[in-house]
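Undergrad: Here you go, sequence then predicted model.
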Amino acid sequence: MTSSRSPKTQSGSPQSHSESPRPLSPTEQRNPASAGLDELDALGVLRVLNTEDHAVIEAVSAALPQLAHLVDIAAERMRRGGRVHYFGAGTSGRLGVLDASELLPTFNLEPGRVVGHIAGGQAALVNAVENAEDSGADGRAAGAELGPDDVAIGIAASGSTPYVGGALEAAHANGAHAVLISNNPHAPVAESADDHILLNTGPEVITGSTRLKAGTAQKLALNGFSTALMVALGRTWDNLMVSVVATNEKLRERTVRILMEAADLAAADARALLERCDGDLKTAIVVSFAEVAPALAASSLEYHDGSVRAAIAELVESGGSRGPDGSGPGTVGV
């Protein structure tokens, strides 16, 4: 673990007068750059916010090596059937739920593979649920559902949310890889995690309002983590969104454009190929490059967990053949 916390007195009671007080989270400190904020006009307020937002990019940039390590761990566990779970309260919880919910339409990720948990449940997505974040018991109950192939990611600006601490503690006890993402270098909850990813955004423009820099940094970090994870799992091909779920006319047209771009096809040819492949974009790309039948392309994609690049490589190398039972690579070049 990368951080430590001051010792507690027995039964978690407040610290005695002889103990040093725990450092105040940067997000709770006053920011001298925004002094006199209420005396500024609208443009002045926006300029202060914009200037302070520059710290967000630097904070996320500093955390990229740790985020990359987390991607590697999560990808390995998901390949063997594991899941990723986000835990948070308030803004942090909403950002986790948002990130998880966007992966299904963008990457055709199966439900339940990346899950967002927010203290207070669904009601807390749109309304504050009093005292929900203070329930370590609720966090432990949610974290206890995880197993040794799973990854638990707690998100807490102050790094002290009891709900998040309880979730990470229980998940870690069950063998899950537990990580805290916070904006506090002295986050006490980090003690319950295998790693602490710090997004050091400093004091907020409005003291304690972590929906500002802290939340923006968390959003960028989660976006980066989940996108890199989906790339690692073969849910893209090159920089194209080939796993998109075409649930409406706009998205169906997008699949046509992606296939045109990927395979250098005219619109009419792309539509005809998609029709041959029952509208499945990945299958159509593999058919185009490997020059095989749609059924064989689909079989190879299934074998390679949906990776277009791996399926094309196998079929091109094997001359368009697969194993006798269709469950593995063909004998040519293997």
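TA: Yes, it's here. Numbers count the residues shown, from 1 in each chain.
Undergrad: hey, let's count contacts and neighbours off CA atoms from now on
TA: OK.
Undergrad: Ends of stretch 197-206, what's the gap?
TA: By Cα to Cα, to the nearest Å, the extent of stretch 197-206 from end to end equals 24 Å.
Undergrad: do the same with stretch 166-179
TA: 13 Å.
Undergrad: which of the residues in that stretch are buried?
TA: Neighbour-count burial for stretch 166-179, counted by 16 or more other Cα atoms under 10 Å, picks out 166-174, 176-179.
Undergrad: which one of the residues you listed sits closest to Arg80?
TA: Checking the buried residues of stretch 166-179 against Arg80 by Cα to Cα gives Ala176 as the nearest, at 13.4 Å.
Undergrad: show me what contacts the closest one?
TA: Neighbour list for Ala176: Leu146, Gly147, Pro148, Asp149, Asp150, Val151, Ala152 [criterion: Cα atoms under 8 Å, 6 or more residues apart in numbering].
Undergrad: Against Ala167, how distant is it?
TA: Ala176 is 11 Å from Ala167, where distance means Cα to Cα.
Undergrad: Now list whatever residues contact both of the two.
TA: With Cα under 8 Å, 6+ apart as the test, Ala176 and Ala167 both reach Ala152.
Undergrad: Wasn't Ile153 part of a strand?
TA: Yes: using DSSP: H, G, I helix; E, B strand; the rest coil, the assignment for Ile153 is a strand.
Undergrad: Any buried residues in stretch 282-292, and which?
TA: Within stretch 282-292, the residues scored as buried using 16+ other Cα under 10 Å are Lys282, Thr283, Ala284, Ile285, Val286, Val287, Ser288, Ala290, Glu291, Val292.
Undergrad: circling back: show me the contacts of Ala176 that map onto strands.
TA: Members of the contacts of Ala176 lying in strands (criterion: DSSP state E): Val151, Ala152.
Undergrad: Weed out the non-buried ones from the contacts of Ala176.
TA: Buried members of those, counted by 16+ other Cα under 10 Å: Leu146, Gly147, Asp149, Asp150, Val151, Ala152.
Undergrad: could you dump these to CSV with distance to Ala270 and pLDDT?
TA: Listed next are these as CSV, based on distance: Cα to Cα, whole Å; pLDDT from 0 to 100:
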residue, distance to Ala270, pLDDT
Leu146, 43, 98
Gly147, 43, 97
Asp149, 40, 97
Asp150, 39, 98
Val151, 39, 98
Ala152, 41, 98
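Undergrad: Could you single out the nearest of the residues you listed to Ala128?
TA: Among the buried ones among the contacts of Ala176, Ala152 lies closest to Ala128 (Cα to Cα), at 23.5 Å.
Undergrad: Just say helix, strand or coil for His85.
TA: Once three-state DSSP is applied, His85 turns out strand.
Undergrad: Pull the contacting residues for it.
TA: By Cα under 8 Å, 6+ apart, the residues touching His85 are Val114, Val115, Gly116, His117, Asp150, Val151, Ala152, Ile153.
Undergrad: For the last one, which residues are in contact?
TA: In other words, Ile153. Contact partners of Ile153, counting by Cα under 8 Å, 6+ apart, are Val84, His85, Tyr86, Phe87, Leu168, Ala178, Val179, Leu180, Ile181.
Undergrad: ditto for the first one
TA: Residues touching Val114, when contacts are defined by Cα under 8 Å, 6+ apart, comprise Arg83, Val84, His85, Tyr86, Ala100, Leu103.
Undergrad: is the third one in a bridge, and if so with what?
TA: Yep, that's His85 we're talking about. Beta-bridge partners for His85, by DSSP bridges, are Val115, Ala152.
Undergrad: pLDDT value on it, please?
TA: At His85, the pLDDT value in this model is 98.
Undergrad: any idea how far it lies from Ala214?
TA: With distances taken as Cα to Cα, His85 is found 20 Å from Ala214.
Undergrad: Please apply the same query to the fifth one.
TA: Distance of Ala100 to Ala214, computed by Cα to Cα: 19 Å.
Undergrad: which of these two has more neighbours?
TA: A side-by-side neighbour count of Ala100 and Ala214, using other Cα atoms under 10 Å, places Ala214 first with 31 against 24.
Undergrad: part of a strand, is that one?
TA: No: counting by three-state DSSP, Ala214 is not part of a strand but helix.
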